[in-house]
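>>> The sequence and its predicted three-dimensional model are supplied below.
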Amino acid sequence: MGTYRYGKYVRKLVDDYCVLDLETTGLEPEWCEIIEIAILRVRGGRVVDHYQTLVKPEQKISRFITDLTGITNEMVADAPKVAEVIGPARQFIGDDLIVGHNVSFDLRFFCMALGRDLDNEYADTMQLSRRAYPELRHHRLQDLKDYLGIVSVAHRAESDCESTAQLYERIKKKQTEQAAGHQGLSCKGNGKNTPL
């Protein structure tokens with residue numbers, strides 16, 4: 001098993017991207033496995049397509065993970081193995097910017113399952129939210145959902161993708177409004193915009 005490069009971190013706010021979220025059997029991709037993959041394709045700020053599948057791991061899902069995710073051993077008993085679904089998931093993403101919340105976690109697992117590097121750029125809504133909402137003490141996805149009134153089911157991959165997409169769009173809107181406010185507070189002098 002090796003260490004893979006999982007793309008280039010950027011702080012981009014764009015209209016076309018894919019949101020990625022995984023559920024796993026634990027925290028370390030070297031020892032733990034993917035049990036659910038969800039990806040939303042967003043175009044013009046709107047979800048236009050999705051990819052979602054449960055994944056059958058080699059090891060049993062612990063009671064702790066079942067309590068956290070709602071995914072049971074029975075639910076994945078007839079699911080495909082990760083080798084069957086990681087290629088189609090990669091194709092679904094294509095060259096898009098990958099957006100996720102604490103997305104480096106998901107990308108480490110994704111690359112380990114893929115067995116190679118990713119070249120996509122990626123943006124992390126956890127990092128972006130720290131700049132957008134500095135008044136919050138914590139920036140976990142649930143904290144931000146509560147703060148912004150985003151409603152979804154917690155800790156299932158597709159639901160977390162939907163929440164992350166809404167969060168990313170809220171951050172974009174806030175930054176656009178702030179930028180417009182700064183422009184409104186500037187005056188022209190010697191051909192340059194100068195803040196008041």
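Arrived safely. Numbers count the residues shown, from 1 in each chain.

>>> Only C-alpha atoms from now on, for both contacts and neighbour counts.
Noted.

>>> Show me what the longest helix seen in the chain is packed against.
Longest helix in the chain by number of residues, with DSSP state H as the criterion: helix 157-184. Here helix 157-184 touches strand 17-24, strand 34-43, strand 98-100, helix 125-132, helix 141-148, going by 3 or more Cα pairs under 8 Å, 6 or more residues apart in numbering; DSSP states H and E.

>>> Let's see that with 6 Å instead.
Helix 157-184 is packed against strand 17-24, with contacts defined by 3 or more Cα pairs under 6 Å, 6 or more residues apart in numbering; DSSP states H and E.

>>> Let me know the average pLDDT across stretch 165-180.
Average pLDDT, stretch 165-180: 92.

>>> How far away from the center of its chain is that stretch?
Centroid separation between stretch 165-180 and its chain, computed with Cα atoms, centre = their mean, to the nearest Å, is 16 Å.

>>> looking at the chain, which helix or strand is least sure?
strand 192-195 (a mean of 35; mean pLDDT, DSSP states H and E).

>>> show me the residues around the spatially most central residue of the chain that make contact.
Per Cα atoms, centre = their mean, the C-alpha nearest to the average position across the chain is that of G100, at 1.4 Å. The contact partners of G100, taken as Cα atoms under 6 Å, 6 or more residues apart in numbering, are V19, L20, D124.

>>> these two touch, right, G26 and C32?
Yes - under the criterion of Cα atoms under 6 Å, G26 makes contact with C32 at 5.3 Å.

>>> hey, what's in contact with both of these two?
When Cα under 6 Å, 6+ apart defines a contact, no residue borders G26 and C32 alike.
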